[in-house]
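Asker: sequence first, then the predicted structure, then my questions.
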Amino acid sequence: MVQVVTTYLELTDPAAIRPARGSATIVRIDPPDGSVNRRFYTEIGALYEWRDHRDKDDAWWQEHVETVETWVIPDAGYYELHPVGADVEIAYFGLLPAFHGRGWGGALLEHALRRGFELGERVWVHTCTLDGPHALANYEARGLVPYKVER
């Protein structure tokens, strides 16, 4: 059995965001469209054991996206922001494998953090050892700081 380690990271000061080297065109999905989130969740998540929402139907996905903001690099990747009070969770974040290595992950994360601070006072995310091999490093490179680790 593989031990999964989950790391929770946060940022409480927007001045601590470290800019990414890459850049990308990032657009908001507005109005929300559950099929967009479902596609990215399914395709990206298939690589990283994302299972929680695999069996959800179209109605569930549409209801879900009405509670989050979704931003995309068209056809390449996405993130979801879930504001709760003063906290904003980066609920899902990822790029399709064909777009790895272009610096777009850093650009997408920087965008997520900046947008998160427009919505709240603290932005947080969690990642685990089942996620992409560069996920934790990308989060830390943009300035996020671990505050809890579960083994």
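Answerer: Yep, that arrived. Just so it is clear, the model here is predicted, and its values are computed rather than measured.
Asker: only C-alpha atoms for contact and neighbour calcs from this point on.
Answerer: Noted.
Asker: which ones are touching the residue nearest the centre of the chain?
Answerer: Among the residues of the chain, the smallest C-alpha distance to the mean C-alpha position (Cα atoms, centre = their mean) belongs to Phe93, namely 2.2 Å. Contact criterion Cα atoms under 8 Å, 6 or more residues apart in numbering gives 77-80, 109 as the residues in contact with Phe93.
Asker: tell me what it is bridged to.
Answerer: Tyr79 (DSSP bridges).
Asker: where's the closest residue in space to Arg114 that isn't next to it in sequence relative to Glu121, distance?
Answerer: Closest residue to Arg114 apart from its sequence neighbours, by Cα to Cα, 6 or more residues apart in numbering: Pro14 at 7.0 Å. For Pro14, the distance to Glu121 under the criterion Cα to Cα, to the nearest Å works out to 9 Å.
Asker: now Phe99
Answerer: Between Phe99 and Glu121 the computed distance is 31 Å (Cα to Cα).
Asker: wait, Glu10 sits on Glu140?
Answerer: No - Glu10 is not in contact with Glu140 according to Cα atoms under 8 Å; the separation is 9.5 Å.
Asker: phi, psi of Tyr48?
Answerer: Phi and psi for Tyr48, reported as degrees, to the nearest 10, are phi -130, psi 20.
Asker: start the count at 448 instead of 1 going forward.
Answerer: Renumbered: residue one is now 448, and that last one reads Tyr495.
Asker: can you pull the contacts of the residue lying closest to it once chain neighbours are set aside?
Answerer: Nearest non-adjacent residue to Tyr495, counting by Cα to Cα, 6+ apart: Asp578, 5.0 Å away. Taking Cα under 8 Å, 6+ apart, we find Asp578 in contact with 494-496.
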